[in-house]
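# What would the 3D arrangement of this be:
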Amino acid sequence: MYQLSISLLGNFSARYSGGANPASIKFASTKEQEILGFLVLHRDRWCSRAVLAETLWADSTQERSKKYLRNELWRLRSDIQPPAGCQPPIVTTRDTVYVNEDARVVSDAEALEDARVLIQDGRQLSPEEIRLLEGTTSLYTGPLLSNWDFQWCISDRARLNRIYMQLADRLLTHYFAEESWDKGINLALNVLREDPTCERTHQHLMRLYHGSGDRASALKQYQTCRSILLDELAVEPSQQTQELYERLRREPGRVTEHVTLSEPGDLAAVLDKVNDLSAQVEALKQQLRNATRL
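Model (predicted):
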C-alpha cells in the first residue's frame, strides 16, 4: 500500500513508497514544502487558513498572504497527487487546512517523537525495543529543516533535537552496559557532531573509549571536551567530568562499573528557556508588525 513518506530532519524530501512504483516528489516551489512540513508537524490539529497565511507570509498584508496561500495550496495538492485509489494527503476547506487522517502520511519527526515513550519510565528495554530505538535515532540526519531558516520552526527544532539527544543518551548507556564499544563510540561521535558542547556525551565517549581498551583516546577526549567548553561557553568541565578523567587516568584497565554522569536534564532546562525566549521574541515581532500596519 502506498504511503507518503516525508523527511523533515536534515534536508526536506518527500516520496510515495510502499507501492509498485515508488517515486520522489518534485515540488514547484520551496513554499509548498514549507506548507507541507508545517502541516505534518502540526497534524494533531486543523490549521486555520488565516493563521497559516500569516505565519508563512508574516511580512505581507493579510489580503496578499491569503492569496499566496491559495496559489501555493493549489500547486501543493497538484504536486502530491496520490496514486489511483489512495486518499489525498491534504484536506482543504474554506477556513482550514490539515493532514488527512485517512491517508497514509508518515514522517521521521513523528517517529522520533513516538519513540520517546520507550525511555520515559527508565526501565530496561527489550532487544526489540533497542532495535527500534536504533532505527529511530538513525533517522536524525540533522536539525529540523536544517537547510531553511523559518522562524516558525525554531521551537520545534529545539524540541526535536532534545528528544534525539535523550534517545541517543539512553542508547549510549545501553551500549556501555552491553560492552558494545564500536556502536557506542560511533553514536557518541554522531551526537557530538550535532552538539559539540554536550558534556554528558563527552563523558559517555570517554568511558566507551576506555572500555574498549583505548585509554589514550579516552584521555584525549577529555582535552577535546575541555577545549570546546572553554571556546564555546567559557566554562571548565563539570566536577563529574574532571573526576571521571582523573579516574581513567589513574586506572590503566577497563572501567566498566557504574560511573555517575552529569544529569541530562540540565540540557533540557536550557532548551526550555530557549523555547520560551523564542516565543517571546516572536510575540514582540508580531506586535511590531501589527503596529506598522496601523
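
# most centrally placed residue in this structure?
Most central in the chain under C-alpha atoms, centre = their mean is Leu160, positioned 3.3 Å from the mean C-alpha point.

# contacting residues around that one?
9, 109, 112-113, 143-144 (C-beta atoms under 8 Å, 6 or more residues apart in numbering). Just so you know, the C-beta spots here come from the backbone N, C-alpha and C atoms, and that holds for glycine as well.

# Show me just the buried residues among those residues.
Neighbour-count burial (16 or more other C-beta atoms under 10 Å) applied to these gives 9, 109, 112, 143-144.

# out of those, who's nearest Arg64?
Proximity of the buried ones among the contacts of Leu160 to Arg64 (C-beta to C-beta) peaks at Leu144, which lies at 27.3 Å.

# do you know how far the closest one is from Ile6?
To Ile6, Leu144 is 12 Å away according to C-beta to C-beta, to the nearest Å.

# Excluding sequence neighbours, find me the nearest residue to Leu189.
Leu205 (7.2 Å; C-beta to C-beta, 6 or more residues apart in numbering).

# possible to save the buried ones among the contacts of Leu160 as a markdown table with secondary structure?
Converted to a markdown table, the buried ones among the contacts of Leu160 look like this (DSSP: H, G, I helix; E, B strand; the rest coil):
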| residue | secondary structure |
| --- | --- |
| Leu9 | strand |
| Ala109 | helix |
| Leu112 | helix |
| Pro143 | coil |
| Leu144 | strand |
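
# List the buried residues for the host helix or strand of Asp231?
When elements are assigned from DSSP states H and E, Asp231 belongs to helix 215-233. Using 16+ other C-beta under 10 Å as the burial criterion, the residues of helix 215-233 that qualify are 215, 217-218, 221-222, 225-226, 228-229.

# could you dump it to PDB, C-alpha only?
Output of helix 215-233 as PDB, limited to C-alpha atoms (Å, rounded to 0.1, in the frame of the first residue of the first chain):
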ATOM      1  CA  ARG A 215      42.900   4.600  27.100                       C
ATOM      2  CA  ALA A 216      44.800   7.200  25.100                       C
ATOM      3  CA  SER A 217      41.600   8.300  23.100                       C
ATOM      4  CA  ALA A 218      39.600   8.400  26.400                       C
ATOM      5  CA  LEU A 219      42.100  10.800  27.900                       C
ATOM      6  CA  LYS A 220      42.300  12.800  24.700                       C
ATOM      7  CA  GLN A 221      38.500  13.100  24.600                       C
ATOM      8  CA  TYR A 222      38.600  14.900  27.900                       C
ATOM      9  CA  GLN A 223      41.000  17.500  26.500                       C
ATOM     10  CA  THR A 224      38.700  17.900  23.500                       C
ATOM     11  CA  CYS A 225      35.700  18.400  25.800                       C
ATOM     12  CA  ARG A 226      37.600  21.000  27.900                       C
ATOM     13  CA  SER A 227      38.700  22.900  24.800                       C
ATOM     14  CA  ILE A 228      35.200  23.000  23.300                       C
ATOM     15  CA  LEU A 229      33.600  24.100  26.600                       C
ATOM     16  CA  LEU A 230      36.100  26.900  27.100                       C
ATOM     17  CA  ASP A 231      35.900  28.100  23.500                       C
ATOM     18  CA  GLU A 232      32.100  27.900  23.100                       C
ATOM     19  CA  LEU A 233      30.800  28.500  26.700                       C
END
